[in-house]
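Engineer: need a structure here:
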Amino acid sequence: MRQNPDNSIKPLLAESVDHPNSLTYVFNIRKGVHFWDGKELTAKDVSYSLGRELDPKSGAFWGVYFVNVKDIRETGLSQVTIDMKSPDEVFPSLLATYGGTIGEASYVESHGTSYGTASGGVMCTGPYKLQSWQPGQQIAMVRNDDYWDSAVKPKVGEVDFKFLTDPSTLANALQSNQIDGAYEVPVGAVTQLQSSTTGKLYTGPSTQWTGMLYTGSPGAFANSSVREALWLSIDKSALAKSVYQGTATPIRSANFPAVWGFGTKIFQAGYDGRPSPDVNLAEAQKLVQQAGATNGTVTLAAQSDDATAVQTAEIVQSAGKQIGLDVQLKLMAGPQISALQVDPAARKGIDIFLSARFIDIADPMQLLNEFLPDGQYNYANYNSPEFAQNVNDAYATGDSDQRAASEAKATTLLDNSWSILPLLNTSERLYLNSRVAGAPSSFGYLYYPWAQDLGSSK
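Structural biologist: Coordinates of the predicted model:
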């Protein structure tokens, strides 16, 4: 499947998808598609690639999206049938993420654990193919002149990826045309690039968001009213303007408008029922006092080498002080912050931590699934039978409005738990110098072959 810049999803290597019953998906594989080495794509390549997500030994990150898959079968030379353990109306869309990437089975098998590394490379079917890979320095890809889709005619012969982590270094390289463009331009480079005379900074829609996640720790923050109070005290508009340089929007929920690929009116009604993201110190102070948490201590972790995260944490700390909470900052290196997401021991002594996340497809279900009892990011052990029932109901119905209604109810329950303190929906930040055009200014680039649209601005 392929996700487009507007987050719509359509069949790609699957020419069509049949859904004969609630537990079966039949993917009819497009004929005439070849891998970069000339071998034709077959059902075996598809079943093998998707099957790796079910194999615990492969360590596949995307296996979480295959949790409802029972088995994957080749039912023809160009057909793969997937049987589900339980209904899952979201599954085909999730194949538009990296979880649906198809590699050449024989190539993957022959390269073993080196597949996907600089030494083993990859073997896929896209409009650009891997040419070289120098770890930490550069990846080069060249146009695939034998690409199967005759409607796609990539203009650029070679695209090189370089890795610059310092915002000033990146901004200078972009303005001097050493680099033609960049996605995810660091916030620290926004002001400089907005005034550039050699190119333009674009902002576009994104499913990315930043907020704070409760770890389930005891103490003052164990009271959901105290978590709500801290959220109410934070000036999110000022945060968006001053720290994010106007490239973000305050949100009321982690289920925000950019992820509503369907059921917009239904989601909007629930969203409008949430507290305003505007500051409400009076209500926040009242909640803290009622909870008996005045002078309570809260420990907030943030990434020390991320200036945006540090500035955000300092704003949160200041907001807490205004309502009688002592927000203590614990600044940690990137690897330590990453450990918080996977290691309960690493979260010991931390009440909340700043997190920047994104939702892969325009469907809130991904977020909701993460807060089921065994959810990947359910750090606070949120457990609500009513929430789980609504999530399961949403999985089981193909009617978009009914699914939206179930997801909206589940969202309200999750929001009311204050396991998440959502802050901002961050925009996609794309810079292109004046001689380059075509790349979409949308976070959809993550799963869309954007380089096929890249070309000269003249």
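Engineer: hang on, isn't residue 254 packed against residue 207?
Structural biologist: No. Using CB atoms under 8 Å as the test, residue 254 is too far from residue 207 to be in contact (10.6 Å). For glycine as for every other residue, the C-beta is placed from the backbone atoms N, C-alpha and C.
Engineer: all helices for the stretch 201-350 of the chain, in order.
Structural biologist: 224-233, 236-238, 264-272, 281-290, 307-322, 334-340 (DSSP state H, counting those that start in this stretch).
Engineer: what mean pLDDT does the fifth one get?
Structural biologist: Regarding helix 307-322, the rounded mean pLDDT is 97.
Engineer: now find how far off-centre it is within its chain.
Structural biologist: 24 Å (CA atoms, centre = their mean, to the nearest Å).
Engineer: for the stretch 101-250 of the chain, give me the ranges with low pLDDT.
Structural biologist: Nowhere does the stretch 101-250 of the chain drop to pLDDT under 70.
Engineer: and if we set it to 90?
Structural biologist: 136, 165-167 (pLDDT under 90).
Engineer: buried sites along stretch 192-200?
Structural biologist: For stretch 192-200, the neighbour count (16 or more other CB atoms under 10 Å) marks 192-193, 196, 199-200 as buried.
Engineer: export these to CSV and tack on distance to residue 412 and secondary structure?
Structural biologist: Listed next are those as CSV, based on distance: CB to CB, whole Å; DSSP: H, G, I helix; E, B strand; the rest coil:
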residue, distance to residue 412, secondary structure
192, 42, helix
193, 39, helix
196, 43, coil
199, 43, strand
200, 40, strand
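Engineer: hmm, which two among those residues are most spread apart?
Structural biologist: Largest separation among the buried residues of stretch 192-200 by CB to CB: 192 and 200, giving 12.9 Å.
Engineer: ranges for the strands of the stretch 351-458 of the chain?
Structural biologist: 352-358, 420-433, 436-437, 455-456 (DSSP state E, counting those that start in this stretch).
Engineer: so for residue 177, which of those sits nearest?
Structural biologist: Residue 177 lies closest to strand 420-433 among the strands of the stretch 351-458 of the chain, at 5.4 Å (CB to CB).
Engineer: mind listing the strands the closest one pairs with, and their directions?
Structural biologist: strand 181-182 (antiparallel), strand 199-214 (antiparallel), strand 248-250 (antiparallel) (DSSP bridges).
Engineer: run the chain-centre distance for the first one.
Structural biologist: Computed by CA atoms, centre = their mean, the chain-centroid distance of strand 181-182 equals 20 Å.
Engineer: do the second one as well
Structural biologist: Strand 199-214 sits 10 Å away from the centroid of its parent chain (CA atoms, centre = their mean).
Engineer: per-residue confidence at residue 374?
Structural biologist: 85.
Engineer: how close does it get to residue 388?
Structural biologist: The spacing between residue 374 and residue 388, counted by CB to CB, to the nearest Å, is 10 Å.
Engineer: got it, and residue 180?
Structural biologist: Using CB to CB, residue 180 is found at 48 Å from residue 388.
Engineer: looking at the two, which has the bigger crowd around it?
Structural biologist: Taking other CB atoms under 10 Å, residue 180 and residue 388 do not tie; residue 180 has more neighbours (19 against 16).
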